[in-house]
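Engineer: Sequence and predicted model, in that order:
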Amino acid sequence: MSPRSVSADVNPDLLTWARETAGLNLSSVARRLHNIDKWELGTEKPTVRQLEALADLYKRPLAAFFLPTRPEEPSLPTDFRMLPSAEDRVLSKKVRLAMRTARRTQRLYAELLNKLGTTERSTLPNITAEEDPEELGTRVRSWLGVTVADQLTWPDMPYAFRAWREAIEARGTLILQLTMPVKESRGFSLADGPIPTAVVSSSDAIAARIFTLFHELGHLLLNEGGICLPDPSTVSSNASVEPFCNRFAGAVLVPSSSLSERVRPSDLLGTAEAIADRLGEPARAFKVSRYVILFRLYALGLVKSSQLQAVLRQLESREVARPRRGGIRPAIKTLGQLGPRFVSAVLAAHRRGVITYSDVSHYLSLNLKYLPDLLRFIAARG
């Protein structure tokens, strides 16, 4: 008999815990492993081979099923998503996996700093949702050290995202890009843990990721992490968290004084189609979507409600499904997901001899054969 055909003596409660924290229900797992209900009840035991299949499905190490009791895990961030039903609020496997990856990255980063003998503290300022988002936008730009003149020289949106990300990470945060369904969550933030962390969906359009990045930064500055569906259309001035973070994100990305210099009153006259066309220039200049420009103009009282709805319909009619990009080189994908701050810490720890090649592969979830490619790419970026 093969050792993998032997029954595994596992705690049934751990099987339930692993499934639930993976965001899966019994019926979905039963389509692949028919006896899952009996295993969780304890009336039957899985074989080692079947347990390996569960570990792969739940993205858990095999050893997790042999713990004496359920491990303690951090609670989920507050759910700020505005969804129509309680059923829609159930988090899928992909979102839960992204949260576990973010927590793991926080933990590993703290371990790296300890190994390097480095003490790092976040310098995020404290704000409240009662403050003026417009004034805060100016203050946060100054804190980040990014001027409008800098922003206007950036060549495109991917460059803009990298520049904003590096500026924010330099102030003591981690910014991750992880796979999540954008209809479920465009981003989330972890204000607790070893280092404040913001996560944006790598499945989203780059312009939306830029807006989400600053929406989640708003949550971190409020010291209130959350699961979010950021939307630049929610610009009400009340003190509730989501409208505040949306207004804050717009104010940082597109300062009112700079916007008024690029959009003249005459640009907002004429048909909705003509106005939508004219939004293209400031959107390209600030490296944001036309939606952000439109709702900034509305929030500042420069566009009337009737115009807003007409232009919005025009923009929505122009949306087309963009083809997915081809395969991304593993080294570039790793850097995009985990960010330059975390990756640089891993490489510095290896250069110092405090972690092994095997550790590098573990920390980055990257096959070591791609490490030279990663090093070349980082060197080319300067």
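Structural biologist: Cool, the structure landed.
Engineer: other SSEs contacting the host helix or strand of Leu57?
Structural biologist: Using DSSP states H and E, the element containing Leu57 is helix 48-58. Here helix 48-58 touches helix 12-21, going by 3 or more Cβ pairs under 8 Å, 6 or more residues apart in numbering; DSSP states H and E. Every residue, glycine included, has its C-beta placed from N, CA and C.
Engineer: now the helix it packs on, how far from the chain's geometric center?
Structural biologist: Relative to its parent chain, helix 12-21 has a centroid offset of 26 Å by Cα atoms, centre = their mean, to the nearest Å.
Engineer: do stretch 254-263 as well
Structural biologist: Stretch 254-263 sits 28 Å away from the centroid of its parent chain (Cα atoms, centre = their mean).
Engineer: Now it: buried residues?
Structural biologist: Across stretch 254-263, burial judged by 16 or more other Cβ atoms under 10 Å covers Val254, Pro255, Ser256, Ser258, Leu259, Val263.
Engineer: Repeat that for stretch 276-283.
Structural biologist: So stretch 276-283, judged by 16+ other Cβ under 10 Å, has buried residues Ala276, Arg278, Leu279, Pro282, Ala283.
Engineer: Can you tell me the SS state at Asp9?
Structural biologist: The three-state assignment at Asp9 reads coil, by DSSP: H, G, I helix; E, B strand; the rest coil.
Engineer: That one: neighbour count?
Structural biologist: Neighbourhood size, Asp9 [other Cβ atoms under 10 Å]: 8.
Engineer: Look at the residue lying closest to it once chain neighbours are set aside and say how many residues are nearby.
Structural biologist: Distance criterion Cβ to Cβ, 6 or more residues apart in numbering; nearest residue to Asp9, sequence neighbours excluded, is Lys45 at 6.7 Å. If you count neighbours by other Cβ under 10 Å, Lys45 ends up with 17.
Engineer: I'd assumed Trp39 was in contact with Lys45.
Structural biologist: Yes - if you go by Cβ atoms under 8 Å, Lys45 and Trp39 touch, sitting 6.6 Å apart.
Engineer: Just want the phi and psi numbers for Leu190.
Structural biologist: Main-chain torsions, Leu190, degrees, to the nearest 10: phi -120, psi 100.
Engineer: can you check Asn11 too?
Structural biologist: Here is the backbone geometry of Asn11 (degrees, to the nearest 10): phi -80, psi 120.
Engineer: Scan this protein for its longest helix.
Structural biologist: Longest helix in the chain by number of residues, with DSSP state H as the criterion: helix 93-116.
Engineer: got the contact list for the helix or strand just after that helix?
Structural biologist: Downstream of helix 93-116, the first helix or strand assigned by DSSP H and E is helix 133-144. Contacts of helix 133-144 with the rest of the structure, by Cβ atoms under 8 Å, 6 or more residues apart in numbering, involve 125, 127, 147-148, 164, 167-168, 171, 217, 221, 244, 247-248, 250-252, 255-256.
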